[in-house]
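Engineer: Okay, here's the prediction I keep looking at, along with the sequence it came from:
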Amino acid sequence: MSEATNRSLTDYVAGFVCETSLKDVPADVMELGKKSMLDGIGLAISGSVAKSGELVRQHLNSLGIPTGAATVFGSNIKTAPRFAAFANGVGIHADDYDDTQLAVAKDRVYGLLTHPTAPALPSAIAKGEALNASGADVFLAYQLGVEVECKISEAINPRHYQTGFHSTATCGTFASASAAGKLMGLNKETMLRALSIAGSQSAGLRENFGTMTKPFHAGRSSESGIVAAEFAQIGWTAAPTILEAPRGFFSAAGGGYDPKAIDGVLGKPWTFASPGVSIKPHPSGSLTHPGMTEMLRLIKEHGIKADQVVSVKVGTNHNMPNALIHHRPTNELQAKFSMEFCMAILLLEGRAGLSEFTDEVVMRPDVQAMIKKVDFGVDPEAEAAGFHKMTTIITITLTDGKVIRGSADFGRGSPAMPMTYDEVADKFRENCEFAKFSSQKANQVVEMIRGIEKVGSIRELTTLLAI
């Protein structure tokens, strides 16, 4: 029970979603949210040209739904909001290029936490488009979804992630239900049931990392949240304490939770403000990014050439190899979860964007040879730094015997090294260009999101996102 209100935890979460208005969102949180919103939309567009995007559209076309109220970004398809949310959620997460939540407590494994935008934003936009909601209402719903998702992810015991659950999928379902329910105007009792229905749909296993099923998790959580809110609205019943009950989400999926991480602290502070959300400069698992940022710095500072490299040793805490599981990747999806590939491609190309994460590049003989020079494992110093950091220690040995060392706790795009809105806009335009999306429309979207709270109808945005 919440000490401040004597309410159940689930009731507290539902009340926060129902009672919060846009004026309650601080100005800095507004600006941070706009960056992640723009980033997410660009990733849905670039993800639409991935193989997974092609297969999702094939599936949607097989459903026999001739038309609908919600847009699948980067396509000419309009369908039911739940399916548009699924498609756009898959797209955002397809290249593992989307934003990530930072941890607070030292035992909260960085990888435990979530990709906040992929489940929350597609739900908010799809349901908002169907309801002809304003930009302000959609933006608020997105912010609320992110906040609920992040606090739930922070609170659940680390066992949740360590034993195989994918928190973007599991916690993201609550994000989507919160966003959709807010736009639908659900009262607190109905919102509580929506959260409970969402809890019974919460699923996703990390064994599927490195396959199309990882982005499927994000899409499915976004879809499931809309389904939960819609069923709650028509009177579907569900348990009132799904988060905290002995047979509820926290217990079943994590073996418990930390009440102090969620009870009474939604929006106090907002996660976007503290500890923050990272925007990715590279389309790979976020745990690779401190090492990639540091490797790029070392390459530039020391003028390192690929043919000079004898060996590279990369050391982290033990939870990072638990997520970066592909030590000898053979395709682009595996490469996203391969520290060895990420180090190798930077040494060879000096960059790592969407064009580098392809099957053809991964299997190039020079790339495979460089991968074999990279030794990735646990370093005691990195282990001692705490799991809330991503401390990465790099040691490079060159042919002349010179040894170069460096370390980093966080990467470019993190709250410690943030990207500006204009830098995120550059990434957005690159993603649109990758998908051969109209540059004129891309520029219009950049300016529209900059003032999203002033947009009269979210349909002004979704019209631009169709082709």
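Structural biologist: Sure thing, it's come through.
Engineer: Model confidence for the closest residue to residue 358 other than its chain neighbours, exactly?
Structural biologist: Leaving aside its sequence neighbours, residue 358 sits nearest to residue 332 (CB to CB, 6 or more residues apart in numbering; 5.3 Å). Where C-beta positions appear, they are placed from N, C-alpha and C, glycine not excepted. For residue 332, the model assigns a pLDDT of 90.
Engineer: next one: residue 309
Structural biologist: If you check residue 309, the pLDDT there is 98.
Engineer: Tell me what it is bridged to.
Structural biologist: residue 398 (DSSP bridges).
Engineer: check contacts around it.
Structural biologist: 347, 370, 373, 396, 397, 398, 399 (CB atoms under 8 Å, 6 or more residues apart in numbering).
Engineer: on that earlier part again, report whether the expected contact of the residue nearest to residue 358 with residue 367 is present.
Structural biologist: No. Taking contacts as CB atoms under 8 Å, residue 332 lies outside contact range of residue 367: 11.5 Å.
Engineer: Next, show the common contact partners of those two.
Structural biologist: In contact with both residue 332 and residue 367: residue 361, using CB under 8 Å, 6+ apart.
Engineer: The two: which has the busier surroundings?
Structural biologist: Legend: neighbour count by other CB atoms under 10 Å for residue 332 and residue 367, higher for residue 332 (24 against 20).
Engineer: Please name the residues that touch that one.
Structural biologist: 357, 358, 359, 361, 362.
Engineer: quick revisit: is it possible to export the contacts of residue 309 to JSON lines including pLDDT, distance to residue 231 and neighbour count?
Structural biologist: Conversion of the contacts of residue 309 to JSON lines gives the following (pLDDT from 0 to 100; distance: CB to CB, whole Å; neighbours: other CB atoms under 10 Å):
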{"residue": "347", "pLDDT": "98", "distance to residue 231": "52", "neighbour count": "24"}
{"residue": "370", "pLDDT": "98", "distance to residue 231": "51", "neighbour count": "21"}
{"residue": "373", "pLDDT": "98", "distance to residue 231": "54", "neighbour count": "18"}
{"residue": "396", "pLDDT": "98", "distance to residue 231": "55", "neighbour count": "25"}
{"residue": "397", "pLDDT": "98", "distance to residue 231": "59", "neighbour count": "16"}
{"residue": "398", "pLDDT": "98", "distance to residue 231": "61", "neighbour count": "16"}
{"residue": "399", "pLDDT": "98", "distance to residue 231": "64", "neighbour count": "10"}
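Engineer: Can you tell me the closest non-neighbouring residue to the residue nearest to the spatial centre of the chain?
Structural biologist: Geometric centre of the chain, nearest residue: residue 115, 2.2 Å, by CA atoms, centre = their mean. In space, and not counting its chain neighbours, residue 115 is closest to residue 168: 4.4 Å by CB to CB, 6+ apart.
Engineer: Now do the helix or strand where the one you found lies: which elements does it pack against?
Structural biologist: Per DSSP states H and E: residue 168 is located in helix 167-183. Helices and strands touching helix 167-183, as assessed by 3 or more CB pairs under 8 Å, 6 or more residues apart in numbering; DSSP states H and E, comprise helix 9-19, helix 81-93, helix 117-131, helix 135-155, helix 159-162, helix 188-201, helix 213-233.
Engineer: Could you say which one of those comes nearest to residue 264?
Structural biologist: Relative to residue 264, the nearest member of the helices and strands packed on helix 167-183 by CB to CB is helix 9-19, separated by 7.2 Å.
Engineer: what is the mean pLDDT for the closest one?
Structural biologist: Rounded mean pLDDT across helix 9-19 is 98.
Engineer: Show me which residues of it are buried.
Structural biologist: Residues of helix 9-19 classed as buried: 9, 10, 11, 12, 13, 14, 15, 16, 17, 18 (neighbour count, 16 or more other CB atoms under 10 Å).
Engineer: Can you name the residues that contact the fifth one?
Structural biologist: So that's residue 13. 148, 174, 178, 195, 243, 262, 266.
Engineer: Out of the residues you listed, the closest to residue 71 would be?
Structural biologist: residue 178 (21.5 Å).
Engineer: for the closest one, what are its contacts?
Structural biologist: 13, 17, 120, 141, 144, 145, 148, 149, 191, 194, 195, 225.
Engineer: OK, contacts around the third one?
Structural biologist: Each residue near residue 120 by CB under 8 Å, 6+ apart is listed here: 142, 145, 146, 149, 172, 175, 176, 178, 179, 222.
Engineer: Can you give me the neighbour number for the closest residue to residue 285 other than its chain neighbours?
Structural biologist: Nearest residue to residue 285 in three dimensions, chain neighbours excluded: residue 337, at 4.9 Å (CB to CB, 6+ apart). Residue 337 sits with 23 neighbouring residues when counted by other CB under 10 Å.
Engineer: quick check, residue 337 in a helix?
Structural biologist: No. Secondary structure of residue 337 (DSSP: H, G, I helix; E, B strand; the rest coil): coil, not part of a helix.
Engineer: Spatially, what comes nearest to the residue of the chain positioned farthest from its centre if we skip its sequence neighbours?
Structural biologist: The C-alpha centroid of the chain is most remote from residue 400, which lies 41.8 Å away (CA atoms, centre = their mean). In this structure, residue 400 finds its nearest non-sequential neighbour in residue 308, 7.4 Å apart by CB to CB, 6+ apart.
Engineer: in terms of contact, does residue 253 touch residue 166 like I think?
Structural biologist: No. Using CB under 8 Å, residue 253 makes no contact with residue 166, being 10.9 Å away.
Engineer: Compare the two and say which is more crowded by neighbours.
Structural biologist: Each of residue 253 and residue 166 has its neighbours counted (other CB under 10 Å); residue 166 has more, 25 against 22.
Engineer: still on that earlier bit, list the contacts of the residue nearest to residue 115.
Structural biologist: So residue 168 contacts 93, 114, 115, 118, 119, 204, 217, 218, 221 (CB under 8 Å, 6+ apart).
Engineer: Relative to the whole chain's centre, how far out is stretch 64-81?
Structural biologist: Distance of stretch 64-81 from the chain centroid (CA atoms, centre = their mean, to the nearest Å) equals 23 Å.
Engineer: Of all the residues in that stretch, which ones are buried?
Structural biologist: Buried residues in stretch 64-81, counted by 16+ other CB under 10 Å: 68-75, 77-81.
Engineer: contacts for it?
Structural biologist: 41, 44-45, 48-49, 53, 56-57, 60-61, 63, 83-85, 87-88, 91, 123, 125-127, 129-130, 180, 226, 435, 437, 462-463, 465-467.
Engineer: now do the same end-to-end measure for it.
Structural biologist: The stretch stretch 64-81 measures 15 Å between its terminal residues, going by CA to CA, to the nearest Å.
Engineer: that older thread, buried subset of the contacts of stretch 64-81?
Structural biologist: Judged by 16+ other CB under 10 Å, buried ones among these: 41, 44-45, 48-49, 53, 56-57, 60, 83-85, 87-88, 91, 123, 125-127, 129-130, 180, 226, 435, 437, 462, 465, 467.
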